[in-house]
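Enquirer: Build me a model from this:
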Amino acid sequence: MSVGVLFTQGQVTGEPQTTLAEILEQAEAADRLGFSAALTTEHKDSEEYFGAPLHLAFAIAARTQRVRVGTAIAIAPLYAPVVLAQDAAILDQLSGGRAWLGLGAGYMPVDYTAAGVPWDDRAQRFDETVRIVRAAHTQERFSFDDQLHHFADQAVLPRPLQPDGVPLHLAAWTPGGLRRAGRLGDGWITNALMSLDTMTAMAADYRAAALAAGRRPHVTAIRFCWPYTSREQALELFGDTALAMARTLFDYGAITDLPGVTSADQITLEEFVRDRFVFGTPEECVETIGRFQDGAGVDDFLMIFRYPTGPDHRSVLAAMELFGNEVLPAVDRPAVPA
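Expert: The predicted model follows:
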């Protein structure tokens, strides 16, 4: 099992040039501390996220030596498939074979409106985009003919450095999405705030679909994370910002497994620390990671240390340092996964 870092910051975090520089410094820290990945995400019309995840991944690749670089996730239907395949291939070449693509269909119509892409056919568009990227990365020339995309004798040059193409891990939390991840993806990516019970049930459905398609299942869990030596200080630094982010994501429709909760102000930090966050002393973080690994069969984690509204950059670097020095050595981690 490996543990990477996912960056979820945007204009609301601070002056954009400063925030982007801080992300690059955090990526360098992840590379130095032994994290497996330093990945980016996106929304297209939001002050809380930057909207060009692959561009940022290129910058991270240039500043790092060993971490996986790429996205978790990019909203695949918003991209021209061949262009996405070309960009990912160049990222793989530039990084020495470290590219990793987490792709999703998205869940906010505003992202589609901002990109000028129809919302109603997003599932078909996502399905076709994944298949086109896979073909472009694994065939010298390829043709494609389906409902939305039609190509004849197309090529992506250069192809990725990785001989099987850039790994494609698909985000999902609907039955159809889980089946798609099993059928088309190299792995399934959870959302950041589903409970352990929800993750366990969805992982079982995903694994069944992957095995039926002849694929080896692989589960990557995104988690909010904060290790600490002082609980009081951790609640001050992490508690308010994490709770605000959880409430925002609930309002966005990204949290669907809170029975009885009808409004964001009903969400408590205690509930999320109990069953959704990786939060605690280093020993408690190791125990929490183990529960998700044992219960849901998680293969890899992507930890979010900083949210759009905080904690501050220096505190994030200190938390990453604590995690890297005292949690990572206690977690059974093979080499960076394919």
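Enquirer: got the contact list for L243?
Expert: With contact set as Cβ atoms under 8 Å, 6 or more residues apart in numbering, L243 has these partners: I267, T268, L269, F272. C-beta coordinates here come from the backbone N, C-alpha and C atoms, glycine included.
Enquirer: and the helix or strand encompassing it, C-alpha only, in CSV?
Expert: Assigned by DSSP states H and E, L243 belongs to helix 240-252. Only the C-alpha atoms of helix 240-252 are listed here, as CSV (Å, rounded to 0.1, in the frame of the first residue of the first chain):
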residue,chain,number,x,y,z
ASP,A,240,-13.0,24.5,11.3
THR,A,241,-11.5,24.4,7.8
ALA,A,242,-12.2,20.6,7.4
LEU,A,243,-15.7,21.0,8.7
ALA,A,244,-16.4,23.9,6.4
MET,A,245,-15.2,21.8,3.5
ALA,A,246,-17.3,18.9,4.4
ARG,A,247,-20.4,21.1,4.6
THR,A,248,-19.5,22.7,1.2
LEU,A,249,-19.2,19.3,-0.4
PHE,A,250,-22.5,18.2,1.2
ASP,A,251,-24.2,21.3,-0.4
TYR,A,252,-22.5,20.3,-3.7
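Enquirer: Now it: buried residues?
Expert: T241, A242, L243, A244, M245, A246, R247, T248, L249, F250 (16 or more other Cβ atoms under 10 Å).
Enquirer: picking up where we left off before, now the contacts of L243 as a markdown table including neighbour count, pLDDT and distance to G324?
Expert: Listed next are these as a markdown table, based on neighbours: other Cβ atoms under 10 Å; pLDDT from 0 to 100; distance: Cβ to Cβ, whole Å:
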| residue | neighbour count | pLDDT | distance to G324 |
| --- | --- | --- | --- |
| I267 | 19 | 90 | 30 |
| T268 | 12 | 88 | 29 |
| L269 | 16 | 86 | 25 |
| F272 | 21 | 84 | 23 |
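Enquirer: Distance to Y112 and secondary structure for those - can I get that in JSON lines?
Expert: Below are the contacts of L243 laid out as JSON lines (distance: Cβ to Cβ, whole Å; DSSP: H, G, I helix; E, B strand; the rest coil):
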{"residue": "I267", "distance to Y112": "27", "secondary structure": "coil"}
{"residue": "T268", "distance to Y112": "33", "secondary structure": "coil"}
{"residue": "L269", "distance to Y112": "32", "secondary structure": "helix"}
{"residue": "F272", "distance to Y112": "29", "secondary structure": "helix"}
